[in-house]
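Colleague: kindly generate the corresponding structure for this input.
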Amino acid sequence: MHDERRRIEERAERLHNQRIKPAIYAATVPFEVEAWQAPGEPVPFEEAAAAPYEPFAMDTPWGPPWGTTWFRMRGRVPAEFAGRRVEAVIDLGFVGDWPGNQAEALVHLTDGTPLKAVNPLNQYVPIANPAAGGEQVDYLVEAASNPDILANDFAAPTPLGDVLTAGDRPLYTFRRADIAVLDEEVWHLDLDVQVLRELMRELGEHDPRRHEIMHALDRAMDLLDLDDISGSAAEVRAALRPVLSKPANASAHIISGVGHAHIDSAWLWPIRETKRKTSRTFSNVTSLADEYDDFVFACSQAQQYEWVRDNYPHVWARIQESVKKGQWAPVGGMWVEADGNLPGGEAVARQFIHGKRFFIEHFGIETKGVWLPDSFGYNAAYPQLAKLAGNDWFLTQKISWNQTNKFPHHTFWWEGIDGTRIFTHFPPVDTYNARFSGEEMSRAVRNYAEKGGATRSLAPFGWGDGGGGPTREIMERARRLADLEGSPKVVVEHPDAFFAKAREEYPDAPVWVGELYLELHRATYTSQARTKQGNRRSEHLLREAELWATTAALHAPGYAYPYERLDRLWKTVLLHQFHDILPGSSIAWVHREAEAEYARVAKELEELTAKAIAALGGGGPRVFNTSPFDRAEVVRTPDGAPAYVEVPANGSAPLTDAEPARPVTVSGRTLDNGLVRVQVADDGTLSSVHDLRADREVLADQGNLLRLHTDLPNYWDAWDIDKHYKNRYTDLLDATAITVVERGPLVGAIRVERAFGKGSTITQTITLRAGSPRVDFETEIDWHETEKILKAGFPVDVRAPHSSAEIQFGHVQRPTHTNTSWEAARFEVSGHRWVHIGEPGYGVAVINDSTYGHDVSRTVREDGGTTTTVRLSLVRAPRVPDPEADQGRHRLTYALLPGASIEDAVAEGYALNLPLRVADAAGAPAPVVSVDGDGVTAEAVKLADDGSGDVVVRLYECRGGRASGVLRTGFPLASAEVTDLLERPQEPAPTDGADAVAVELRPFQILTLRLKRATTGR
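Modeller: The predicted model follows:
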């Protein structure tokens, strides 16, 4: 037989695209269209319905950036359409090749009922099937003209990312608004040919099945009447039926498909637009569920459900009905799909608590899995936190984006820092927007790393980010691929069903230990520093408000614990931990609003804390310590004077001026407090930090060296920092002024001022306080650089085989060498409040109050000693997607802690982030709880969410070793129970009858205790 592949394949392609597809709609009549441009922000339906509309013609430009245009469409189904499937077809003028993040619309009936969305690849709205003919069709269509920020692949900065800078030039040209007859036979033929052509192309050129499909297509095209596509479609389909009916191989891979519409809660659009995106996509999904009984849709992010519940009650009711029918599957059990590295431990716990509770309360469903397909790496505390929230499985696919190393597994057990394991799956289709194309099906099988051990994988399908979600075409492809020779088998089912089958067939799956580090998007630890600082400060202010509100509820008669306000504030912070807000990868509008929101959160939390402390009664200044560690340090009095105080953990003490063992002395540019001696060089760096307790020099070279690097990654400017950034830099060694600003005896401080670059300045106050070896660098930056990153480095004279960086409820150790590509790829890593390096007998920590990105490297000097350098990433200057990212003023503090153990680093991390608070209060109520036992740390103290008045305490082991201790209560204790994260009792906790609970913890274990008071007071 002659090789005619080229002729046949090109023939099938042309007839498919140029003849079959255009015939899908057999007849059309246009709507009569009028338009009204809403001024400013979106308006309610009622206002739009009453607005003055003007005639609008097709092929007319419309839609300024971020604008809303309402279209009134009127038409009548022609009598000749009777008995046919009739739809509205609306093309807003869609652009580009990405179906998300551009023009979208929600179609309403004239009474305000939302029907369905219109999206680039989902342009139809059902009218009647079959039509009677003569039906009047009246719609009000809310169309959003969102700019395509992703156009040109982020090649250049754009002003379109903020309504304040985007201008008003129309972005789109309206192409079509018709009442149309869907020729179902032609539509199905299109799908038959599509599936076969795509499968054929993926099969090997010598595969008999490829040739069988090819010749079947050739014969079928002979039957296609080019003058009557509709009339010949059934015969063509019949010719293809035998080749579409051949069953898959017995050993074919099984793909569990689940509908999905990954909608970023903010990214290249603001939060206000996400609220509308969810309503549009969810309208599509519920409409599709009515068409396809076998359709199942998985949807995470309780926050988005709440938006729909509050703003679109009709859509909410349809979601509830779909959930009841089993076609809508709430998943994830988190408030949002949060960033996987940056939220604090307690915040991750609250993500699960608020997310799981929402689904339980509104649907009676307890989600069983963590659904995080798109976050930028995953911390090693997740397995324990997920299990404590009642989850059995974990899903992501983002690690497939690794820049260097291919992750070795798709289905595996993930083991966290405490030893907890959770069954985990990475879909080998490598997308969460699948459409069951031939290429995707082939890729899934080709990639699948568990061949021989397991046989199935998951594929989330549907267009995300405003693309409208799953479509009927995708569902039809799934049906054709259910049992088709040459293809994996596709079954549409609930993710829980997939994970149950996967775990049953692969119980001895391999184990991955530790963090799931993404070898990409490393700059998300640093970009948009003010957003990150707002998150860090909010997390700690929430801790303060809860602790002191609990104290007041226990000791102040008449005080009412602010349940609702704390709940609302937590949810605001959790929303902004979404994986494109907190990482700093959103447009300017998003970060402008985030910074304002954090300011409002801080103001309200300060008010709540002040009110709680005031409820304890006035009587003189006291010092309040929210840290779980006892503290003896210098604090500022209300008049600004320093005072040395000693305050118990989670408690308070009178503001008295105690005497530290040694005062601070200042001589020239040298600070000395008897614990450490710090010398500032002529260039403003540290020439020496001498640990007087250990009698050793801490630094191997210039300390606090500020280095300005050129920072232009290959792609994804706000997300990425590529390794070549290290090759070009300028050290900031020109100090414009060095001034002693405090001379002891409690505080010594030297201010260093610098100017550099494009008019940027940095002022640092180097501070040493009595009684503490910690050296603080209070930093003010006025930043005007572009495509740069500023780092602060500390070359330390220790031979550290690894660094330890704080993460959620513990820390991770990372090698300081680069023996393999896995270590070399970790040239920028994340940590929370501290990084520790050490050798046997001596360690040093670098503490911070707002940054996350850092790098650690190690070199050997000519004298044979080893220098281990820790560098904090302070601020970046990417230009995409926010051209003004990080521009302006920043205030932050970081610190060097010589002679530090891990527990010292933990304690000082809390101390720097939870400054002592001075306020007027009477008496000295006992701390709500106190803990005896090294390593046992109280992370949260609050009242139970159910309003019972029980006290909830979350403990964890902080050092990485076994710990035992006793938790003592500052109130009469009736009983104690161990609970899950949702505060549901699991088992009794041992009490000794003396208001105490015995605690035993394994390394990094998290333990939640519910403490019932012996009295009934609230």
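Colleague: show me where the stretch 251-400 of the chain has strands.
Modeller: Along the stretch 251-400 of the chain, counting by DSSP state E, counting those that start in this stretch, strands occupy 254-259, 297-299, 328-330, 369-371, 393-395.
Colleague: mind checking the ones you listed for the one nearest to residue 762?
Modeller: For residue 762, the closest of those is strand 369-371, at 40.6 Å, according to CB to CB. All C-beta spots, glycine's among them, are computed from the backbone N, C-alpha and C.
Colleague: adjacent strands (with direction) for that closest one?
Modeller: With DSSP bridges as the test, strand 369-371 is paired with strand 393-395 (parallel).
Colleague: just want the most central residue of the protein.
Modeller: residue 579 (2.2 Å; CA atoms, centre = their mean).
Colleague: what's the closest of the strands of the stretch 251-400 of the chain to residue 269?
Modeller: Closest to residue 269 of the strands of the stretch 251-400 of the chain, according to CB to CB: strand 297-299, at 18.6 Å.
Colleague: list of residues touching the closest one?
Modeller: 258-261, 282, 285, 288-289, 305, 322, 327-331, 371, 460, 462, 469-470, 494-495 (CB atoms under 8 Å, 6 or more residues apart in numbering).
Colleague: quick one on the thing from earlier: would you agree the residue nearest to the centre of the chain is in contact with residue 373?
Modeller: No: judged on CB atoms under 8 Å, residue 579 makes no contact with residue 373 at a distance of 9.9 Å.
Colleague: need the overlap of contacts for these two.
Modeller: Common contacts of residue 579 and residue 373, defined by CB under 8 Å, 6+ apart, comprise residue 337.
Colleague: list the buried residues for stretch 919-926?
Modeller: 919-921, 925-926 (16 or more other CB atoms under 10 Å).
Colleague: cool, and stretch 14-34?
Modeller: Residues 15-16, 20-21, 23-26, 31, 33-34 are the ones in stretch 14-34 that count as buried (16+ other CB under 10 Å).
Colleague: for it, the distance to its chain's centre please.
Modeller: For stretch 14-34, the separation from the chain centroid amounts to 41 Å (computed by CA atoms, centre = their mean, to the nearest Å).
Colleague: what are the contacting residues of that stretch?
Modeller: With contacts defined as CB under 8 Å, 6+ apart, stretch 14-34 is touched by 53-58, 71-75, 78, 80-81, 84, 88-89, 137, 139, 174, 177-183, 186-187, 189-190, 193-194, 197, 221, 224, 226, 229-230, 233.
Colleague: torsion angles phi and psi at the residue nearest to the centre of the chain?
Modeller: As for residue 579, its main-chain torsions (degrees, to the nearest 10) stand at phi -80, psi 10.
Colleague: which ones are touching it?
Modeller: 264, 336-340, 372, 374-376.
Colleague: 10 Å - rerun?
Modeller: 264-265, 267, 336-343, 372-376, 398, 521, 524, 585 (CB atoms under 10 Å, 6 or more residues apart in numbering).
Colleague: which pLDDT does the model give it?
Modeller: pLDDT, residue 579: 98.
Colleague: then residue 911?
Modeller: pLDDT, residue 911: 98.
Colleague: residue 1018 too?
Modeller: The confidence metric pLDDT takes the value 39 at residue 1018.
Colleague: make 588 the first number, not 1, from now on.
Modeller: Done: numbering now begins at 588, and the last item shifts to residue 1605.
Colleague: dump the strands of the stretch 838-987 of the chain to CSV, plus mean neighbour count.
Modeller: Below are those laid out as CSV (neighbours: other CB atoms under 10 Å):
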stretch, mean neighbour count
strand 841-846, 25
strand 884-886, 27
strand 915-917, 25
strand 956-958, 27
strand 980-982, 23
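Colleague: ok, which of the ones you listed comes nearest residue 1128?
Modeller: strand 956-958 (27.0 Å).
Colleague: contacts for the closest one, please.
Modeller: Contacts with strand 956-958, where a contact means CB under 10 Å, 6+ apart, come from 847, 849, 885-888, 916-921, 924, 927, 938-939, 942, 965, 969-970, 972-974, 976, 978-983, 1009-1012, 1019, 1047, 1082-1083, 1085-1086.
Colleague: sorry, back to before: just the contacts of stretch 601-621: which are in helices?
Modeller: When DSSP state H is applied, those are split such that 773-774, 776-777, 780-781, 784, 808, 816-817, 820 fall in helices.
Colleague: which one of those has the most neighbours?
Modeller: Neighbour tally across the ones in helices among the contacts of stretch 601-621 (other CB atoms under 10 Å): the maximum, 27 neighbours, falls on residue 776.
Colleague: not counting its neighbours along the chain, what's nearest it?
Modeller: residue 820 (4.6 Å; CB to CB, 6 or more residues apart in numbering).
Colleague: what sits against the one you found?
Modeller: By CB under 10 Å, 6+ apart, the neighbours of residue 820 are 607, 610-611, 770-777, 779, 810-812.
Colleague: redo that, cut-off 7 Å
Modeller: Contact partners of residue 820, counting by CB atoms under 7 Å, 6 or more residues apart in numbering, are 772-773, 776.
Colleague: and for residue 734, the neighbour number?
Modeller: The number of residues near residue 734, taken as other CB under 10 Å, comes to 26.
Colleague: mind checking the SS state of the closest residue to it other than its chain neighbours?
Modeller: Counting by CB to CB, 6+ apart, residue 747 is the residue found nearest to residue 734 once chain neighbours are left out, at 4.1 Å. Recorded secondary structure, residue 747: helix (DSSP: H, G, I helix; E, B strand; the rest coil).
Colleague: which stretches of the stretch 1288-1437 of the chain form helices?
Modeller: Remark: helices assigned in the stretch 1288-1437 of the chain by DSSP state H, counting those that start in this stretch are 1408-1411.
Colleague: does residue 861 touch residue 849 like I think?
Modeller: No: with contact defined as CB atoms under 7 Å, residue 861 does not reach residue 849; the gap is 11.9 Å.
Colleague: please confirm that residue 1494 is located within a helix.
Modeller: Yes: Residue 1494 sits within a helix when classified using three-state DSSP.
Colleague: quick revisit: how about JSON lines for the strands of the stretch 838-987 of the chain, with mean pLDDT and distance to residue 798 added?
Modeller: Putting those into JSON lines (pLDDT from 0 to 100; distance: least, CB to CB, whole Å) gives the following:
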{"stretch": "strand 841-846", "mean pLDDT": "98", "distance to residue 798": "25"}
{"stretch": "strand 884-886", "mean pLDDT": "98", "distance to residue 798": "38"}
{"stretch": "strand 915-917", "mean pLDDT": "98", "distance to residue 798": "41"}
{"stretch": "strand 956-958", "mean pLDDT": "98", "distance to residue 798": "41"}
{"stretch": "strand 980-982", "mean pLDDT": "98", "distance to residue 798": "38"}
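Colleague: which of the ones you listed sits closest to residue 1158?
Modeller: Judged by CB to CB, the one of those that comes nearest to residue 1158 is strand 915-917, at 17.1 Å.
Colleague: and the closest one, how far out from the chain middle?
Modeller: 20 Å.
Colleague: packing partners for that strand?
Modeller: strand 884-886, helix 900-911 (3 or more CB pairs under 7 Å, 6 or more residues apart in numbering; DSSP states H and E).
Colleague: residues contacting that strand, please?
Modeller: Residues contacting strand 915-917 (CB under 7 Å, 6+ apart): 876, 883-886, 906, 909-910, 946, 950, 952, 954, 1081-1082.
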